[in-house]
Every structure is written in structure tokens, then in C-alpha cells.
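Engineer: A structural model of the following input is requested.
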Amino acid sequence: MPEKSLAALKVGPSTMELREVNLPDIPDDGALLKMEVAGVCGTDTTQYTKPLRGGPIIMGHENVGYLSNVGKRFAERKGFKEGDLVFLEHYLPCGKCEWDHMGEYRHCPATDWFYDPEAIRYGYTPMDIAPALWGGFSHYVYLPHNAVLHTVPEGMTPEIAGVATPMSNGVQWSLIDGGVGYGTTVLIQGPGQQGLCCTMACKQAGADLIIITGTGKDAHRLEVAKALGADVTIDIEAEDALTRINEITGGKGVDVVLDCTVGAGNGPVFLGIEAAKRRGATMVVQAEGEYKFADFPMGRMTRKAITLKSARGHSYRAVEMGLQLLASGRFPLDLMTTHSFGLSEVDYAIMSVAGKGAPGAIHVSVYPWK
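Structural biologist: The predicted structure follows:
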């Protein structure tokens with residue numbers, strides 16, 4: 001067993017360095033994850049540009065690898081053994097609150113790093129919190145007793161398992177929160193990783209009509225969306241989206257709106273309200289930062305009896321369902337898993353997902369040992 005782990009550290013806004021980090025002693029209720037693949041999320045592109053909140057950070061929160069140095073109590077408690085290929089959730093829950101007992105770690109106060117500077121979450125936690133290895137852009141990741149693991153299905157490659165985070169979000173937002181099922185008509189806004197995974201989740205659930213919107217720069221992604229199950233794609237810069245949606249639905253509108261356009265402003269929310277059916281639709285909205293609505297059509301939303309929900313992370317159940325969907329073989333996932341890079345290329349990998357690196361990048365994988 002080596003004594004150090006090579007890692008890519010964010011040392012400042014949009015600044016990455018390779019450094020060696022000491023491997024910690026592993027307690028009886030802990031383990032190490034020997035990294036195989038770390039996916040690059042759209043969230044990484046925004047977090048990478050922000051100032052540090054404390055010391056340097058090992059980013060990477062979509063992590064798949066093989067268990068190593070597994071403590072006896074860790075194995076007994078978790079039901080895993082050394083050598084198992086697992087997907088690691090980015091949450092480190094307290095294990096005591098009501099949310100954790102329901103498998104809803106996304107709501108556990110211990111995982112809320114937005115508001116709690118002491119909260120630990122993979123890919124977001126400074127290295128000055130021992131033992132430092134809190135991110136997947138590294139040879140090894142530390143696993144404490146409260147790490148949440150899932151078995152990678154037999155025959156699934158680590159790269160496909162690396163899509164489990166956006167796929168879990170797609171299942172959570174579309175099926176569990178949005179209520180998409182057989183015969184549902186759906187509007188998905190934004191053909192990024194999350195939007196494409198929502199597309200697959202809706203198709204798998206039996207949605208009758210899936211509409212996905214994008215802009216001119218999303219032409220390739222909209223074609224991928226069709227291959228993954230979308231029935232209609234709309235370039236909102238080339239045609240009036242609401243008019244087109246009304247034409248497609250015969251003026252009835254859609255049952256569910258899934259807004260996956262983080263950073264696109266208020267427009268998608270307003271479009272969603274108008275595109276929703278006349279009574280009883282559901283809107284699930286993903287957002288980051290403080291959105292301000294000067295003229296929010298609250299009356300319009302309430303008259304249409306729209307239920308508004310937050311797209312925020314995923315549950316344990318959603319991960320299990322997402323892994324099963326990925327393992328089904330139903331979808332051409334190679335169209336989505338477009339690029340892979342080594343640890344020395346993490347900066348370029350993140351820039352590629354942001355549309356400023358490798359052309360056509362959608363879901364990008366980092367292989368730390370490459």
C-alpha cells in the first residue's frame with residue numbers, strides 16, 4: 001500500500017495543481033476507495049470559478065472505485081468487502097435525523113455545506129478538515145463510517161456507473177418529485193447532463209410525450225436527446241417555444257415541467273407556468289444562487305393549481321433506481337459519455353463540460369490513474 005495519494009487540488013478560482021497527499025491511518029470503522037472514475041458535473045464548472053472557503057479542495061463528487069483497506073467494523077456495518085466496485089454518494093449524513101432514516105440525505109443538516117461551514121460533502125470540503133481526502137480527483141478517497149455506498153451492477157463499466165449522480169437526479173426530479181409515469185406529457189428545459197438524464201427517466205417510466213428545449217449552441221445535445229427518448233426538440237432561439245408546445249399538445253399544455261436550466265434566469269420558470277396544463281400540473285425547478293422575480297405570476301400559477309417543487313439532489317432510492325436504469329441497456333449511453341481525461345487534465349476536463357474545452361463534451365470522466 002502506498003503512503004501517499006496523488007490528487008488534483010483546486011488552490012484558487014479556476015486554478016488546479018497536482019500534489020501528493022499523505023494517506024491516513026484507517027480506523028476499524030473506515031476504509032479507502034481506490035478511485036477508478038470521477039465524473040465531472042455541471043456544478044463543478046461553477047464551483048471551480050469561485051473563491052476557496054478555507055484551504056485547497058480536492059473536487060470530484062461523482063465517484064466510482066474499488067474498496068481498499070476496509071476496516072472490520074466498516075465491512076460488518078456496510079456489508080461490503082475489499083475489492084468491491086461501488087458508487088459513492090457525495091453526502092456524509094449524520095445518521096441520526098429523520099431525513100437520514102428515510103434515506104433522504106439531501107435534507108440532512110450535516111450535508112448542508114451551503115449554510116454550515118463544518119458540513120462535509122465529497123468534492124466540496126477543504127483539505128484542512130482531516131484527513132483531507134474528500135474528493136474524487138485523487139488516487140484515493142477516505143471513507144468514514146457514514147459514507148453511503150451502492151454496489152455497481154454486474155457488468156456495468158465504471159464509466160457508465162459514473163453517470164449515476166445525474167441519473168439519480170433525473171429519477172428523483174422526474175419520477176419521484178415530478179410524478180412522471182405512463183401517459184404523462186413532459187417539458188424538459190435544458191439538454192445538459194441533468195436534462196438528458198431526466199429524458200431517459202421519463203422514457204423509462206412510460207411518458208407519452210417528451211419535449212426538450214435548448215438554444216442554438218445545444219444543437220448536438222438536442223440530437224442526443226432524441227436518441228435518448230425525446231419526442232420533440234425545440235430551439236427557443238429559432239422558434240417561439242410556447243406556441244410550439246401549444247401546437248404539439250393541442251393547446252392542453254404539459255403535465256410536468258422539469259427546469260434543468262441553472263443560470264438561465266427567470267425565462268424558463270415563466271415559460272413553464274404558461275406551458276403547464278390548465279389545471280394541476282407539477283413544476284420541478286433547479287436553481288442556484290438568489291433568483292429575483294420582479295413580476296412573478298403568482299396568481300397565474302395558483303389559478304392553474306400548479307405544484308412547484310425544488311430540484312435538490314437525490315434520495316437513496318433514486319440512486320438504486322438510477323443504477324438499474326443505466327444497467328438496463330436500453331439507452332445509447334455512449335452518446336452521453338463523450339470524453340475522458342487523466343488527473344493532470346482536470347482543468348481541461350472541467351472547462352470541457354463548461355463548453356470551453358473539448359468540442360461536444362457532455363458527461364466527462366476523469367480517470368485518476370490514467
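
Engineer: residues near residue 209, how many?
Structural biologist: Residue 209 is flanked by 17 other residues according to other CB atoms under 10 Å. Bear in mind the C-beta positions are built from the backbone N, C-alpha and C, glycine included.

Engineer: For the stretch 251-370 of the chain, which residues score under the pLDDT cut-off?
Structural biologist: 288-292 (pLDDT under 70).

Engineer: Map the structural domains onto the sequence of the protein.
Structural biologist: Per automatic domain parsing, the structural domains of the chain span 4-163+336-367, 166-310.

Engineer: Please name whichever of those domains is nearest to residue 320.
Structural biologist: Smallest distance to residue 320 across the domains of the chain (CB to CB): 6.6 Å, for domain 4-163+336-367.

Engineer: Could you give the separation of that closest one from the chain centroid?
Structural biologist: Offset of domain 4-163+336-367 from its chain centre (CA atoms, centre = their mean, to the nearest Å): 12 Å.

Engineer: Need the distance between the two termini of that domain.
Structural biologist: 17 Å (CA to CA, to the nearest Å).

Engineer: Show the backbone phi and psi for the closest residue to residue 167 other than its chain neighbours.
Structural biologist: Once flanking residues are discounted, residue 167 sits nearest to residue 322: 3.8 Å by CB to CB, 6 or more residues apart in numbering. Backbone torsions for residue 322, taken as degrees, to the nearest 10, come to phi -60, psi -40.

Engineer: For residue 322, grab the count of nearby residues.
Structural biologist: Using other CB under 10 Å: residue 322 sits among 28 other residues.

Engineer: looking at it, it is touching residue 168, isn't it?
Structural biologist: Yes - in this structure, residue 322 is within contact of residue 168 by CB atoms under 8 Å, at 4.0 Å.

Engineer: Quickly list what's touching both of the two.
Structural biologist: Taking CB atoms under 8 Å, 6 or more residues apart in numbering as the criterion, residue 322 and residue 168 both touch residue 314.

Engineer: Leaving out chain neighbours, which residue sits closest to residue 22?
Structural biologist: residue 4 (5.8 Å).

Engineer: In this structure that neighbour contacts residue 18, no?
Structural biologist: No - taking CB under 8 Å as the definition, residue 4 is not a contact partner of residue 18, at 12.0 Å.

Engineer: who's in contact with the nearest residue to residue 83 once chain neighbours are set aside?
Structural biologist: Nearest non-adjacent residue to residue 83, counting by CB to CB, 6+ apart: residue 66, 5.9 Å away. Taking CB under 8 Å, 6+ apart, we find residue 66 in contact with 33, 34, 36, 83, 84, 85, 86.

Engineer: Could you rerun that using 10 Å?
Structural biologist: 32, 33, 34, 35, 36, 82, 83, 84, 85, 86, 152, 158 (CB atoms under 10 Å, 6 or more residues apart in numbering).

Engineer: And residue 228, by the same measure?
Structural biologist: Contacts of residue 228 by CB under 10 Å, 6+ apart are 191, 195-200, 202-203, 210, 212, 330-333, 335-336.

Engineer: Among those residues, name the ones in strands.
Structural biologist: Applying DSSP state E to the contacts of residue 228, the entries found in strands are 210, 212.

Engineer: Could you identify the buried members of the contacts of residue 228?
Structural biologist: Listed as buried from the contacts of residue 228 are 191, 195-200, 202-203, 210, 212, 331, 333, 335-336; burial here means 16 or more other CB atoms under 10 Å.
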